[in-house]
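S.K.: Next come a sequence and a model predicted from it.
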Amino acid sequence: MTSAFLAGIGTKLADRWLNALLLPGLLWTALLVTGLHLGQDHPFAVDRLGDWLDQLAARPAAHAPGTVALAASAVLLVSTGVGLLAGTLGGLVEQLWALPGDLPPASWIRAWRQRRWDTAGEQLKTAIRHAARATDAARTRAAQVRARQRRRSRLGPVRPGHTTRIGDRFALATLHAAQNNGLDDLPLAWPRLWTVLSAELRTDLAAARDTYAATARLAAWGLLYFPLAAAWWPAALIGAAVLTTAAVRAFAAADVLADLIETACDLHLNDLADRLGIPTTTPAPDTGHAISGRLRTTAPSTSDTG
């Protein structure tokens, strides 16, 4: 039983290493070699790359087992190293996506998003006023109102308060927990709440978290393609395409994760209260306030932890 369990863990780790590190790293390494041999003047001269591979294969050293093993090891090391770098950079991307935007240059981006949202809101109000006064062309006016509504919805359901829409979505989840459930300190309550969640919900949350982290790693890979443009300019196009794909997927993944966090707070607040010995006959916000108060009194102070 133990050996089967360890074998299963080893298989999962190997699959994770292969999919998350090695394969993307091999692609990056292949593009690096391609760019170095094609250069900027002939970026699509595939025949030049073929000639170089033929010359390399014709060398006697290319058929020596030791040389082949050394070259394969070097490629694997470079690919794995770049994959680890992408994973680290992906964690940084996750932090950047959730920045509140209090300091420059993040505050400049937040101010730009707020101006766009305010402008879209004013345009929506103007379209509604015109539609209310219009005596003809009612369909055209209504279509304009709907178009303005869609544009403002794309910019966000509320006025931006963070650098990105992802940060705004997580902030809405925190606000939902505070207003609907009384958990005004969700980061403090979340580790305790996690222990009382159902197995199905924990599985869904873990999967959503992995998907969100995967989009951040994809954005990191997009950033890592841009340095290759110094040797081969099409790498910049590849990086831009990867970044665009990551941006499209990122908000959808964050939205699912935030929805599941809100669901966990809505469905299992009373379970946490029962575990803490707090009566659950009161409304949900009062129960949440009681949980937050209990956790604050039991949390170690700064002097204790110091």
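M.R.: Arrived safely. Predicted, not measured: the structure shown is a model, and the values here were computed from it.

S.K.: Enumerate every residue touching residue 82.
M.R.: Residues near residue 82 by CB atoms under 8 Å, 6 or more residues apart in numbering: 24, 25, 28, 29, 224. Quick note: C-beta positions are derived from backbone N, CA and C, even for glycine.

S.K.: Name the SS class of it, please.
M.R.: Of the three states, residue 82 takes helix under DSSP: H, G, I helix; E, B strand; the rest coil.

S.K.: Against residue 73, how distant is it?
M.R.: 15 Å (CB to CB, to the nearest Å).

S.K.: go on, residue 205?
M.R.: Taking CB to CB, one finds residue 205 at 39 Å from residue 73.

S.K.: Those two: who's more crowded?
M.R.: The residue with more neighbours, out of residue 205 and residue 73, is residue 205; 18 against 10, by other CB atoms under 10 Å.

S.K.: quick one: which helix or strand includes that one?
M.R.: Assigning secondary structure by DSSP states H and E places residue 205 in helix 199-225.

S.K.: Just the buried positions in that helix, please.
M.R.: Buried residues in helix 199-225, counted by 16 or more other CB atoms under 10 Å: 204-205, 208, 211-225.

S.K.: Quick one: mean pLDDT over it.
M.R.: Helix 199-225 shows a mean pLDDT of 94 in the predicted model.

S.K.: and stretch 178-185, which residues are buried?
M.R.: So for stretch 178-185, counting by 16+ other CB under 10 Å, buried means 178, 181, 182, 183, 184, 185.

S.K.: which helices and strands does the lengthiest helix in the chain pack with?
M.R.: Longest helix in the chain by number of residues, with DSSP state H as the criterion: helix 234-276. With contacts defined as 3 or more CB pairs under 8 Å, 6 or more residues apart in numbering; DSSP states H and E, helix 234-276 has these neighbours: helix 23-38, helix 165-181, helix 186-194, helix 199-225, helix 284-298.

S.K.: 10 Å - rerun?
M.R.: Counting contacts by 3 or more CB pairs under 10 Å, 6 or more residues apart in numbering; DSSP states H and E, helix 234-276 is packed against helix 23-38, helix 65-97, helix 165-181, helix 186-194, helix 199-225, helix 284-298.

S.K.: With distance to residue 231 added, can I get these in CSV?
M.R.: Putting these into CSV (distance: least, CB to CB, whole Å) gives the following:
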stretch, distance to residue 231
helix 23-38, 4
helix 65-97, 15
helix 165-181, 33
helix 186-194, 44
helix 199-225, 12
helix 284-298, 54
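
S.K.: Just name the most buried of these.
M.R.: helix 165-181 (a mean of 19; mean count of other CB atoms under 10 Å).

S.K.: How much space separates residue 177 from residue 116?
M.R.: Residue 177 is 28 Å from residue 116, by CB to CB.

S.K.: Would you mind listing the buried residues in stretch 222-235?
M.R.: 222, 223, 224, 225, 228, 229, 231, 232, 234, 235.

S.K.: Give me the distance between it and the centre of its chain.
M.R.: Using CA atoms, centre = their mean, to the nearest Å, the mean C-alpha position of stretch 222-235 is found 22 Å from that of the whole chain.

S.K.: what's the domain layout of this protein?
M.R.: With domains defined by automatic domain parsing, the chain comprises 105-163, 165-300.

S.K.: Out of the ones you listed, which is closest to residue 42?
M.R.: Comparing those against residue 42 with CB to CB, the closest turns out to be domain 165-300 (10.0 Å).

S.K.: Where does the prediction get shaky in the stretch 1-150 of the chain?
M.R.: For the stretch 1-150 of the chain, the stretches flagged by pLDDT under 70 are 1-21, 49-64, 66-68, 130-146, 148-150.
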